[in-house]
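1. Quick check, what structure comes out for this input:
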Amino acid sequence: MAPETVLRDARDFIAQGDLPSALALLQAARLRCADHAGIALLLADVLQGSGRIREAVAAYTAGLALNDMSADGWYGAGCAHLALSAPASAAACFSRASALAPNAGPVWHNLGKSLFALGRIESAVSAFERAAALGDAAAKLARESLACIIPGDPRADHEAVLRARRSWAEQVAPAAVPPMARPAAGRKLRVAYLSAFFGAANWMKPVFALINRHDRSAFDVFMLSDGELPSAASGYRDHDLDTIGDLRGVNNERAAHIIAGLGIDILVDLNGYSFQGRLPLLMHRPAPVIVGWFNMFSTTGIAAYDWLVGDDRVIRSVEEPFYSERIHRLPGTYLAFEVRYQVPDVAPPPCIVTGQPITFGSLGSQYKLTDAVLGAWAQILLGAPGTRLFLKNATLDDVSVRDDLMSRLVGRGIAAERVTLQGRSPHFDFLDAYRHVDIALDTFPYNGGTTTTEALWQGVPVLTFDGDRWASRTSASLLHAAGLADWVLADLRGTIDRAILLGSDPATPAMLATLRQGMRNRLLASAACDADGLCRAMESFYRAVSR
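-> Below is the predicted model of the structure:
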């Protein structure tokens with residue numbers, strides 16, 4: 001059978017949804033026509049469509065060796081690498097595809113996804129903007145991605161964030177829905193919490209600190225879940241009067257009807273843009289009052305939200321015109337937390353254990369490791385000779401990501417032997433990795449939140465600065481509440497200088513040992529762990545906004 005006939009028949013099978021027949025035909029033809037790039041690349045597409053991703057990567061490699069000018073081939077290879085959580089390899093493929101097909105929106109969109117996963121935020125935003133401007137099928141997805149990541153772009157001011165999020169919200173908004181009626185007088189307030197992450201103990205520490213303390217004589221509590229349900233393992237104290245609803249697989253319109261049928265008075269979204277597909281649910285206005293709390297780091301840009309809850313540290317009054325919501329500020333920190341699951345004991349500082357210089361570290365997500373962050377950390381290591389850097393996150397499982405990150409650090413003058421990179425591990429072991437870190441370095445403009453609380457709980461102080469947006473002030477909120485305001489600097493330059501001083505001062509190890517020993521007791525006595533205060537303040541807020 002001629003190659004052209006094979007390709008035609010295989011495409012017919014694909015169009016009919018018969019991938020096994022297409023696969024058998026192409027595999028046989030590949031043996032006969034080993035030098036035919038078209039057959040090799042179509043075989044790779046079919047392997048990928050069949051879920052055989054690693055085989056697809058090998059087939060793309062073989063096909064592109066025969067024809068490296070195939071934009072479709074490079075695009076397919078990039079998609080396969082993305083499916084394998086190998087964003088550095090994916091970015092290289094999508095870059096080649098974009099050079100060959102500069103007007104292909106899906107290529108630019110997926111390039112943006114890959115670059116974002118690596119921490120190359122500015123380049124990712126530029127790629128998404130290119131995809132959005134092309135106006136093809138990927139434009140909507142690109143605007144969605146921009147709305148999600150824009151607070152992490154250091155070039156984006158408050159107005160740019162509001163504009164990007166409003167633009168996306170307008171394109172997904174359902175038909176106008178009138179606000180729900182206010183609650184009937186005399187009955188308990190019905191408060192519903194919406195989250196996809198109730199099963200994630202590490203994330204939900206502030207959430208269950210509040211929910212577990214609710215006054216059930218005054219509030220009916222509902223938890224509406226798009227993921228694992230609340231459990232003792234995730235920190236929830238089961239209460240007979242609570243209602244837990246499973247929304248997995250329920251579309252937004254149906255979910256809105258369910259919530260409205262429950263007679264919810266106040267719907268509290270805990271997701272924000274971390275579960276973006278659920279945001280249109282809020283646009284249906286299934287409750288008379290809609291509040292964003294916990295996982296919010298800027299305006300949502302969505303008119304359906306009535307309130308965002310933060311604190312004085314994270315939201316400046318002069319910034320309120322750039323929020324589409326009204327702002328409520330809690331006393332202390334809006335992220336007061338408690339730890340109700342098993343964690344490792346606090347270990348002594350590694351500089352004391354080993355007698356070696358200070359190890360700086362970060363266990364934050366890879367997408368937060370921007371060029372500016374790595375540049376600052378390089379300045380610290382160069383300014384404090386002998387110090388080391390320990391980095392750990394799930395994305396570092398992939399060798400291409402490790403190679404990319406190491407090359408970015410080496411390119412800034414940091415010898416590879418001064419850097420330790422580790423990938424994912426079970427959460428207990430992940431926390432135990434703080435035994436390798438003397439001082440945690442915060443990321444910016446997207447700070448740690450959960451990462452900061454976990455570092456502190458494991459006895460490790462976090463060095464940060466007071467940033468220019470909510471996302472870059474989260475750690476400052478927690479540190480001030482914890483009585484650790486001296487670890488919050490006024491600006492980046494001050495943070496770098498303080499880190500260099502700490503890394504060079506012979507008195508630092510003893511100071512860290514003392515701090516580490518008493519860290520948990522300090523936290524428990526501070527506003528950072530004032531769960532009772534958090535609950536009282538939120539309940540007072542709920543009563544006020546429900547009138």
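2. for the host helix or strand of Arg54, packing partners?
-> Take DSSP states H and E as the rule and Arg54 turns out to sit in helix 53-66. Under the contact definition 3 or more C-beta pairs under 8 Å, 6 or more residues apart in numbering; DSSP states H and E, helix 53-66 sits against helix 37-49, helix 71-83. Any C-beta I mention is one placed from the backbone N, CA and C, and that applies to glycine too.
3. what residue ranges in the stretch 151-300 of the chain score low on pLDDT?
-> The stretch 151-300 of the chain contains residues with pLDDT under 70 at 176-185.
4. run the last query once more with 90
-> 174-187, 201-202, 238 (pLDDT under 90).
5. so which of the helices and strands packed on helix 53-66 comes closest to Glu170?
-> Judged by C-beta to C-beta, the one of these that comes nearest to Glu170 is helix 71-83, at 28.2 Å.
6. could you dump that closest one to CSV, C-alpha only?
-> What follows is helix 71-83, C-alpha atoms only, in CSV (Å, rounded to 0.1, in the frame of the first residue of the first chain):
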residue,chain,number,x,y,z
ALA,A,71,4.7,22.6,12.9
ASP,A,72,2.0,20.0,13.7
GLY,A,73,4.7,17.5,14.7
TRP,A,74,6.3,19.9,17.1
TYR,A,75,2.9,20.9,18.5
GLY,A,76,1.9,17.3,19.0
ALA,A,77,5.2,16.5,20.7
GLY,A,78,4.7,19.5,23.0
CYS,A,79,1.3,18.3,24.0
ALA,A,80,2.7,14.9,24.8
HIS,A,81,5.4,16.4,27.0
LEU,A,82,2.8,18.5,28.8
ALA,A,83,0.7,15.4,29.4
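7. So for it, mean pLDDT?
-> The pLDDT scores in helix 71-83 average 98.
8. And stretch 338-346, by the same measure?
-> Stretch 338-346 comes out with an average pLDDT of 94.
9. would you list the helices and strands packed on helix 53-66 in a markdown table and tack on mean neighbour count and distance to Arg216?
-> Formatted as a markdown table, the helices and strands packed on helix 53-66 follow (neighbours: other C-beta atoms under 10 Å; distance: least, C-beta to C-beta, whole Å):
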| stretch | mean neighbour count | distance to Arg216 |
| --- | --- | --- |
| helix 37-49 | 23 | 51 |
| helix 71-83 | 23 | 45 |
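10. Serialize these to CSV and add fields for distance to Leu515.
-> As requested, the helices and strands packed on helix 53-66 are exported to CSV (distance: least, C-beta to C-beta, whole Å):
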stretch, distance to Leu515
helix 37-49, 51
helix 71-83, 42
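11. any idea how far Leu463 lies from Leu64?
-> According to C-beta to C-beta, to the nearest Å, Leu463 stands 45 Å off from Leu64.
12. ok, Gln379 touching Ile496?
-> Yes - taking contacts as C-beta atoms under 8 Å, Gln379 lies within contact range of Ile496: 5.1 Å.
13. Of all the helices and strands packed on helix 53-66, which one comes closest to Ser317?
-> helix 71-83 (41.8 Å).
14. where along the stretch 351-500 of the chain do the strands fall?
-> 359-362, 388-392, 419-422, 439-441, 462-465, 488-489 (DSSP state E, counting those that start in this stretch).
15. do the same with the stretch 101-250 of the chain
-> For the stretch 101-250 of the chain, the strands defined by DSSP E, counting those that start in this stretch cover 189-195, 219-225, 243-246.
16. Could you export those as TSV, including distance to Ser89 and mean neighbour count?
-> Below are those laid out as TSV (distance: least, C-beta to C-beta, whole Å; neighbours: other C-beta atoms under 10 Å):
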stretch	distance to Ser89	mean neighbour count
strand 189-195	33	23
strand 219-225	35	21
strand 243-246	37	14
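17. With distance to Ser425 as extra columns, can I get these in a markdown table?
-> Rendered in a markdown table, the data for those read as follows (distance: least, C-beta to C-beta, whole Å):
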| stretch | distance to Ser425 |
| --- | --- |
| strand 189-195 | 24 |
| strand 219-225 | 26 |
| strand 243-246 | 29 |
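18. And the ones you listed: which comes nearest Leu31?
-> That would be strand 243-246 among the strands of the stretch 101-250 of the chain, by C-beta to C-beta, at 49.3 Å.
19. Now the element after the closest one, going C-ward?
-> Counting by DSSP H and E, what follows strand 243-246 is helix 252-261.
20. Just the buried positions in that following helix, please.
-> 252, 255-256, 258-260 (16 or more other C-beta atoms under 10 Å).
21. tell me which of those is nearest to Arg543?
-> The closest of these to Arg543 turns out to be Ile259 (C-beta to C-beta; 20.4 Å).
22. Now do the contacts for that closest one.
-> Listed by C-beta atoms under 8 Å, 6 or more residues apart in numbering, the contact partners of Ile259 are 192, 224, 267, 281, 286-287.
23. what do you get for Phe275?
-> By C-beta under 8 Å, 6+ apart, the contact list for Phe275 reads 195-197, 226.
24. Where do the helices of the stretch 251-400 of the chain begin and end?
-> 252-261, 279-283, 350-354, 371-383, 399-410 (DSSP state H, counting those that start in this stretch).
25. ok and the first one relative to strand 219-225, angle-wise?
-> Interaxial angle of helix 252-261 relative to strand 219-225 (axes from the mean of the first three to the mean of the last three C-alpha atoms, to 10 degrees): 170 degrees.
26. How far away from the center of its chain is helix 252-261?
-> With C-alpha atoms, centre = their mean, to the nearest Å as the basis, helix 252-261 stands 27 Å off its chain's centre.
27. coming back round to it: need the buried residues of helix 252-261 in CSV (columns: distance to Leu441).
-> Below are the buried residues of helix 252-261 laid out as CSV (distance: C-beta to C-beta, whole Å):
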residue, distance to Leu441
Asn252, 39
Ala255, 40
Ala256, 43
Ile258, 44
Ile259, 41
Ala260, 46
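28. got the end-to-end distance for stretch 346-363?
-> In stretch 346-363, first residue to last residue: 16 Å (C-alpha to C-alpha, to the nearest Å).
29. nope, stretch 219-239 is what I meant
-> End-to-end for stretch 219-239, by C-alpha to C-alpha: 12 Å.
30. Go through the contacts of Ile259 and name the one nearest Glu4.
-> Nearest to Glu4 among those is Leu281, at 49.6 Å by C-beta to C-beta.
31. what residues are up against the closest one?
-> 194, 252, 255-256, 259.
32. at 10 Å instead, please
-> Leu281 is in contact with 174, 194, 224, 226, 247, 250-256, 258-259, 267, 269, 271, 290, 304, counting by C-beta atoms under 10 Å, 6 or more residues apart in numbering.
33. for Glu417, same thing?
-> By C-beta under 10 Å, 6+ apart, the neighbours of Glu417 are Arg388.
34. Leu335: which of the strands of the stretch 351-500 of the chain is closest?
-> Leu335 lies closest to strand 462-465 among these, at 13.3 Å (C-beta to C-beta).
35. what are the pairing partners of that closest one, and which direction each?
-> Within its sheet, and counting by DSSP bridges, strand 462-465 is paired with strand 439-441 (parallel), strand 488-489 (parallel).
36. Report the angle between the helix holding Arg54 and helix 71-83.
-> 150 degrees.
37. can you give me the angle helix 53-66 makes with helix 37-49?
-> 160 degrees.
38. If we go by neighbour counts, what in helix 53-66 is buried?
-> For helix 53-66, by 16+ other C-beta under 10 Å, it's 56-57, 59-60, 62-64, 66.
39. Please apply the same query to stretch 494-508.
-> Applying a neighbour-count criterion of 16+ other C-beta under 10 Å, one finds 495-496, 498-500, 502-503, 508 buried in stretch 494-508.
40. related to what we said a few turns ago, which of the contacts of Phe275 lies closest to His109?
-> Ala196 (22.9 Å).
41. which residues touch Gln517?
-> For Gln517, the contact set (C-beta under 10 Å, 6+ apart) comprises 346, 348-349, 459.
42. and the closest residue to Thr443 other than its chain neighbours, how many neighbours does it have?
-> Closest residue to Thr443 apart from its sequence neighbours, by C-beta to C-beta, 6 or more residues apart in numbering: Lys368 at 3.9 Å. For Lys368, the neighbour count with other C-beta atoms under 10 Å is 21.
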